[in-house]
Each structure stands twice: as structure tokens, then as C-alpha cells.
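Enquirer: fold the following.
(one chain, ligands or ions: 3)
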Amino acid sequence: MFIEPTRRREPPHLRTGWIEIICGSMFSGKTEELIRRLTRARIARLSVRIFKPALDTRYHEENIVSHSALTIHSKPVQTAAQILNLADGCDVVGIDEAQFFDQEIVEVCNTLANQGQRVIVAGLDMDFAGQPFGCMPQLMGIAEFITKVHAICVVCGDVASYSYRLVPSQERVLLGETDSYEARCRRCFHLGDAASSKEWAYEDAKNEDH
Ligand SMILES: Nc1ncnc2c1ncn2[C@@H]1O[C@H](COP(=O)(O)OP(=O)(O)O)[C@@H](O)[C@H]1O
Ligand SMILES: Cc1cn([C@H]2C[C@H](O)[C@@H](COP(=O)(O)O)O2)c(=O)[nH]c1=O
Ligand SMILES: [Zn+2]
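Expert: Residues are numbered from 1 along each chain as shown. Ligands and ions are numbered 1, 2, ... in the order given. Presented below is the predicted three-dimensional model:
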């Protein structure tokens, strides 16, 4: 579990900021972990501002919502540059679904951290094709702390780090949840449609015996 570095209450011009990345596949707990860290920052009476890309309207127009229905209020923004102005003067900046921002987000996060702010960024590290997603590799390159979280493969129950797309679109950006994506391990991701959750039938039958 990530334990945040102790932060003394220095005057703003003496503060050191930093960048934390929370990455992984869909359903791996990125949003839950982001909400956990932001909630703890609020308990520490730090001022917190939270952002997400305006295109992410999947569960709610404004709130960030996890697959397990944890929720926290956020400000949807069209561009990364807007975050710089809106986050001015706060202690902690939270950003969800960072993979949807363009490369400008890298400079924005750097500037915030250089100003002494703590920046916590959650995003998909890989797209549906198993390729690094947009700005995420660059963000990881400049971050002080990186946490990779994992889902459970819905086919075999192993640790999952891939997001398998269930619908035929080849567009990189396609909003969705369990209707369009499954968390899968490396093996089941590459097996593609040949892998199916029927493999669970054996385990389910065994569990019913007990
Ligand atoms: N295959 C799965 N593996 C793990 N958790 C899953 C899976 N499918 C649904 N969940 C649920 O999703 C929650 C994580 O949701 P969330 O934090 O929104 O993930 P992410 O932001 O990484 O997509 C888990 O706590 C669990 O309740
Ligand atoms: C893999 C992949 C995902 N997306 C979309 C699908 C969801 O709307 C979000 C990811 O949300 P989560 O909080 O990580 O579950 O991204 C996409 O547009 N393209 C992809 O390749
Ligand atoms: Zn698997």
C-alpha cells in the first residue's frame, strides 16, 4: 500500500512537490486508490482539487466514480492547460483517466509539482491493443512514485494487467465498462476470443461441492 511521504507545513515557497502515478488495466482499482489518497489528504486538512477529462461521461458528468461505486466530486476539463489555472494555490491535485489527455498534461503535471504541489495521476498504462496509452509513459518517466495495480482475469482468475475489448471497434478511444471490456491476464489476452470464461465452470463446480 502506498504511504504518502510526511509533509511538513512549510511556507509555499519552500515546499517540494512531487508526482504520483497510479496505473494498470481497467478494473484494477486505479480510481479506488486515487479516491483513497485524496480522501486521506482531505483528512490531513490539505486543500484538494480533482480533475478528469470532459469526454469521460461514462458514469457521471462531473463525479469520478469507481466500478465499485465509490465516488468523489471532480471538475471536468477540456484541456490539460485548464488544470494549471484551476489548481492554482491548492496543496494536492488529483487527475483521473489521464490517458485521455494530450501530451500537454506532462508539462502541466511538471509545473504543478515544481510549484510545490502534490500531483496524483491515475490512468490506463495500456490500450485495448496492449500498447502504451498516450501520455502515460512520459508521465511515468517524470514521476517520483509509480504504483501499478492489478485486476483479476475474468477468464482464469490470475492477475490481470490487460484490458480486453469485447466489441469490434479499432478506435483507440471507446468509452465502456463490462459491456465492452474484460480484465485479462497476459495469456488470456493473447488467446483472444479462443479464451472464454467457460474455464471457470470447473472451479465453480468444485466450489459447489463444498
Ligand atoms: N475483473 C476484476 N478484477 C478486479 N476488480 C474488479 C473486476 N471486475 C470488477 N471489479 C471491481 O472493480 C473495482 C475497481 O474499480 P476501479 O477502482 O474503478 O478500477 P479502475 O479505475 O482501475 O478501472 C474492484 O474493487 C471490484 O469491485
Ligand atoms: C482499454 C481502453 C479503454 N478505454 C476506455 C474505457 C473506459 O471508458 C476508460 C477506462 O476506464 P477505467 O477507469 O480504467 O476502467 O477508457 C478506451 O477508450 N480505449 C482503450 O483502449
Ligand atoms: Zn487469464
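Enquirer: how about low-confidence regions in the chain?
Expert: 7-9, 12, 197-210 (pLDDT under 70).
Enquirer: beta partners for Lys52?
Expert: Applying DSSP bridges to Lys52 yields these beta-bridge partners: Pro76.
Enquirer: let me see the contact set for it.
Expert: Lys52 sits next to 64, 74-77, 95-97 when contact means Cβ atoms under 8 Å, 6 or more residues apart in numbering. Just so you know, the C-beta spots here come from the backbone N, C-alpha and C atoms, and that holds for glycine as well.
Enquirer: flag every residue of this protein that's near ligand 3.
Expert: 153, 155-156, 158, 185, 188 (Cβ under 5 Å from the ion).
Enquirer: which residues of this structure fall in helices?
Expert: Taking DSSP state H as the test, the helices found in the chain are 30-43, 80-86, 104-114, 136-142, 186-191, 200-208.
Enquirer: dump those to CSV, plus mean neighbour count.
Expert: Shown next, in CSV, are those (neighbours: other Cβ atoms under 10 Å):
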stretch, mean neighbour count
helix 30-43, 19
helix 80-86, 16
helix 104-114, 19
helix 136-142, 17
helix 186-191, 17
helix 200-208, 10
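Enquirer: what about stretch 149-162 and ligand 2, any contact?
Expert: No - remark: stretch 149-162 sits outside contact range of ligand 2, by Cβ under 6 Å from any ligand atom, the gap being at least 8.5 Å.
Enquirer: ok, and what's touching stretch 90-99?
Expert: Residues outside stretch 90-99 that contact it (Cβ under 8 Å, 6+ apart) are 30-31, 34, 37-38, 41, 46-53, 56, 64, 72, 74, 83, 87, 101, 105, 109, 112, 117-125, 127, 133-136, 139.
Enquirer: still on that earlier bit, from the residues of the chain next to ligand 3, which is closest to Glu144?
Expert: Taking Cβ to Cβ as the measure, Glu144 sits nearest to Cys185 out of those, at 29.1 Å.
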